[in-house]
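**Student:** Let me see the structure of the following:
(one chain, ligands or ions: 1)
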Amino acid sequence: MKESFSLKDLPYKYDALEPVISKDIVLLHHTKHHNAYVQGANKALGMLESARQEGREIDMKAVLRDLSFNLNGHLLHELYWENMKEYSEENKINTELLEILTKHFNSYDNFQREFETAAKTVEGSGWVVLFKDKEGNLFINQVQNHNLLGIIGFKPILVNDVWEHAYYLDYKNERGEYVERWWDVVNWSVVLDRLKV
Ligand code: MN
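**Tutor:** Here you go, the predicted model:
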């Protein structure tokens with residue numbers, strides 16, 4: 001059976017993240033950028049499938065590179081949309097998660113600063129990701145583009161997209177401002193759920 005991926009609806013309205021992220025950005029980001037990764041992943045899978053059917057050779061290296069770029073792009077965007085929620089002025093983190101983050105990073109402020117610094121210093125386009133390993137240890141890392149520098153086998157718990165398309169219309173080249181304001185739309189209960197599974 002041929003596998004394929006599809007673009008899910010967002011768990012909130014396109015303007016729900018305002019004023020942190022505008023409706024224009026969310027709409028473009030979801031329907032154009034994210035959608036392009038879904039289509040790209042399906043195209044690469046389609047090429048593999050038709051080559052199998054026809055018993056024909058393809059440029060395997062190029063197709064697999066396309067697949068990893070687009071499929072990781074799709075999966076990272078799903079995590080990103082889901083780990084955000086409607087803007088609220090006081091977006092309080094739950095106590096249980098606060099304790100876990102404090103234990104691993106010495107303080108919540110340390111965690112926040114480390115995550116922000118990692119986000120601000122991603123070279124070019126990419127992501128900042130909080131991962132956990134099988135023992136529940138937490139690591140912050142950067143992902144370049146969608147598919148370079150991640151840690152194989154580690155589970156992503158919280159991701160922020162720092163490609164320019166995620167913030168440029170609202171923040172121009174001020175990635176740091178976007179990264180610092182972004183905490184107001186983080187969905188902490190989703191983050192805690194991901195940590196527990
Ligand atoms: Mn993006």
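**Student:** switch to C-alpha atoms for all contacts and neighbour counts from now on
**Tutor:** Will do.
**Student:** State the mean pLDDT of stretch 157-173.
**Tutor:** Stretch 157-173 comes out with an average pLDDT of 96.
**Student:** Show me what it is in contact with.
**Tutor:** 21-22, 25-26, 29, 76-77, 79-80, 83, 119-120, 122, 124-132, 145, 174-175, 177-178, 191, 194-195 (Cα atoms under 8 Å, 6 or more residues apart in numbering).
**Student:** Alpha carbons of that stretch, in PDB - could you do that?
**Tutor:** Extracted in PDB, the C-alpha atoms of stretch 157-173 (Å, rounded to 0.1, in the frame of the first residue of the first chain):
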ATOM      1  CA  ILE A 157       9.100  17.500  23.400                       C
ATOM      2  CA  LEU A 158       9.000  21.200  22.400                       C
ATOM      3  CA  VAL A 159      10.000  22.800  19.100                       C
ATOM      4  CA  ASN A 160      10.200  26.300  17.800                       C
ATOM      5  CA  ASP A 161      10.600  27.200  14.200                       C
ATOM      6  CA  VAL A 162      13.200  29.800  13.500                       C
ATOM      7  CA  TRP A 163      13.100  29.800   9.700                       C
ATOM      8  CA  GLU A 164      12.500  33.400   8.600                       C
ATOM      9  CA  HIS A 165       9.100  32.400   7.200                       C
ATOM     10  CA  ALA A 166       7.900  31.800  10.800                       C
ATOM     11  CA  TYR A 167       8.400  35.400  11.900                       C
ATOM     12  CA  TYR A 168       9.600  37.700   9.100                       C
ATOM     13  CA  LEU A 169       6.300  39.500   8.400                       C
ATOM     14  CA  ASP A 170       5.900  40.400  12.000                       C
ATOM     15  CA  TYR A 171       9.500  40.800  13.300                       C
ATOM     16  CA  LYS A 172      11.600  41.500  10.200                       C
ATOM     17  CA  ASN A 173      15.100  40.300  10.900                       C
END
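**Student:** Now it: buried residues?
**Tutor:** 157-167, 170 (16 or more other Cα atoms under 10 Å).
**Student:** Among those, name the ones in helices.
**Tutor:** residue 170 (DSSP state H).
**Student:** so where is this structure shaky, pLDDT-wise?
**Tutor:** 1-3 (pLDDT under 70).
**Student:** Packing partners of whichever helix or strand residue 79 is part of?
**Tutor:** Using DSSP states H and E, residue 79 sits in helix 60-82. Judged by 3 or more Cα pairs under 8 Å, 6 or more residues apart in numbering; DSSP states H and E, helix 60-82 is in contact with helix 35-54, strand 155-161.
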